[in-house]
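1. sequence and predicted structure below; questions after.
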Amino acid sequence: MKVGITGAEGRIGGYLRAGLDAGHEITSLTLTPQQFESTVVDISDAEAMSGVFYGLDAVIHLAGDPSPAGSWESMLKNNIVGTFNVLEEARRAGVKKVVFASTNHTQHGETMGDSPNVLGTSQRVMLRLGDYFNPSSIYGASKATGEIYGRLFARHHGVQFVAMRIGAIGDDDSPVRAVGRPSEDYVRAMYLSRRDLVTAFQKALEIDREFTLAYVISNNGRRIFDLRETNEVLGFYPQDDAETFFRAE
Ligand SMILES: NC(=O)c1ccc[n+]([C@@H]2O[C@H](COP(=O)([O-])OP(=O)(O)OC[C@H]3O[C@@H](n4cnc5c(N)ncnc54)[C@H](O)[C@@H]3O)[C@@H](O)[C@H]2O)c1
């Protein structure tokens, strides 16, 4: 399959470029020139986007501002306008599918907070994909907006859309960096290992569905996202569990 990756120079972009099936022909799209071959384009510039997706079967859309503390100006430009431009250009180019890097933050209105009061074991909640948006930040709301545009393009413009509500994946593949920090409970619930990330995106490229929502977290013992629908529709059964690392500490 011919697969374009926006934000290919980023953290997740690097993991996917390295990890996706060798059978895929990857076209990297980046904001600035890189050591590796890439098409340089700012996704917030609709004119500059013209033609960049021609010939591709699918686009993995990672480019954007990933900061939960990011400003409205940045969210509007990079996440909302940028995602709209990606979808519109995919439609024009006849790309069959867009796999979108959405986020756990679309649903953290009640559950996002410092440890141990919110995600601690005494406060177990189990959220489902169908629960209404409950963003905890302008960032979360910008990704929810991307999902809504994805639904529009899937239903009315023939572009399949897979919204990947990604958990927490950092530079380090181990979650134990969070021990004793305010983010510990959050990381224990939201940890995503690199191999689970790659498996989930691989599955997203393989499925043939108009519109799909999925949780992309590891099989964490302290997860607050119900993985059953994701298991079923995406065929994604994560292998890792943050608790394994914490027990080893
Ligand atoms: N890392 C996580 O834990 C996590 C969790 C949930 C969702 N996500 C989402 O996954 C995606 C990738 O995250 P990451 O951790 O690799 O972040 P990252 O910052 O490492 O990568 C994002 C890339 O997007 C590029 N970019 C930003 N604005 C752009 C624009 N206007 N035009 C073209 N390129 C642009 C940047 O140059 C950057 O390399 C983001 O959309 C993020 O919101 C990440």
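-> Yep, that arrived.

2. now the closest residue to Leu76 other than its chain neighbours, what's its secondary structure?
-> Ranked by Cβ to Cβ, 6 or more residues apart in numbering and with sequence neighbours excluded, the top spatial neighbour of Leu76 is Ser142, at 7.5 Å. Backbone N, C-alpha and C define where each C-beta goes, glycine included. Three-state call for Ser142 (DSSP: H, G, I helix; E, B strand; the rest coil): helix.

3. go on, Arg165?
-> Under three-state DSSP, Arg165 comes out as strand.

4. please identify which residue in this protein comes closest to the ligand.
-> Gly10 (2.1 Å; Cβ to the nearest ligand atom).

5. returning to that earlier point: separation between the residue nearest to Leu76 and Asn79?
-> Going from Ser142 to Asn79 by Cβ to Cβ, to the nearest Å gives 4 Å.

6. got it, and Gly130?
-> Gly130 is 23 Å from Asn79, by Cβ to Cβ.

7. comparing the two, which residue is more hemmed in?
-> Asn79 (26 against 8; other Cβ atoms under 10 Å).

8. does the more buried one really touch Ala141, like I thought?
-> No. Taking contacts as Cβ atoms under 8 Å, Asn79 lies outside contact range of Ala141: 9.3 Å.

9. list the contacts of Val159.
-> Going by Cβ atoms under 8 Å, 6 or more residues apart in numbering, Val159 touches 87, 90-91, 95-98, 153.

10. now do the same contact list for the residue nearest to Ala93 when sequence neighbours are not counted.
-> Spatial nearest neighbour of Ala93, excluding adjacent residues (Cβ to Cβ, 6+ apart): Phe53 at 3.9 Å. Contacts for Phe53 were tallied using Cβ under 8 Å, 6+ apart; they are 4, 59, 89-90, 92-93, 95.

11. report the secondary structure state of Phe53.
-> Phe53 is classified as coil under three-state DSSP.

12. what's around the residue of the chain closest to the ligand, how many residues?
-> What Gly10 shows, counting by other Cβ under 10 Å, is a neighbour count of 18.

13. residues from this structure in reach of the ligand?
-> Counting by Cβ under 6 Å from any ligand atom, the residues of the chain close to the ligand are 7, 9-13, 31, 42-44, 62-66, 78, 82, 101, 103, 166, 168-169.

14. which of those are buried? Put it as a ChimeraX command.
-> Selecting only the buried entries of these in ChimeraX, with 16 or more other Cβ atoms under 10 Å as the criterion:
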select :7,9,10,12,13,31,42,43,44,62,63,64,65,66,78,82,101,103,166,168,169
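
15. could you pull out the strands for the chain?
-> Using DSSP state E, the strands found in the chain span residues 2-6, 25-30, 39-40, 58-61, 97-103, 160-166, 211-216.

16. in CSV: the ones you listed, plus distance to Phe225.
-> Output for the strands of the chain, formatted as CSV (distance: least, Cβ to Cβ, whole Å):
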stretch, distance to Phe225
strand 2-6, 25
strand 25-30, 29
strand 39-40, 34
strand 58-61, 21
strand 97-103, 12
strand 160-166, 8
strand 211-216, 4
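
17. could you dump those into a markdown table with mean pLDDT added?
-> Below are the strands of the chain laid out as a markdown table (pLDDT from 0 to 100):
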| stretch | mean pLDDT |
| --- | --- |
| strand 2-6 | 98 |
| strand 25-30 | 98 |
| strand 39-40 | 98 |
| strand 58-61 | 98 |
| strand 97-103 | 98 |
| strand 160-166 | 98 |
| strand 211-216 | 98 |
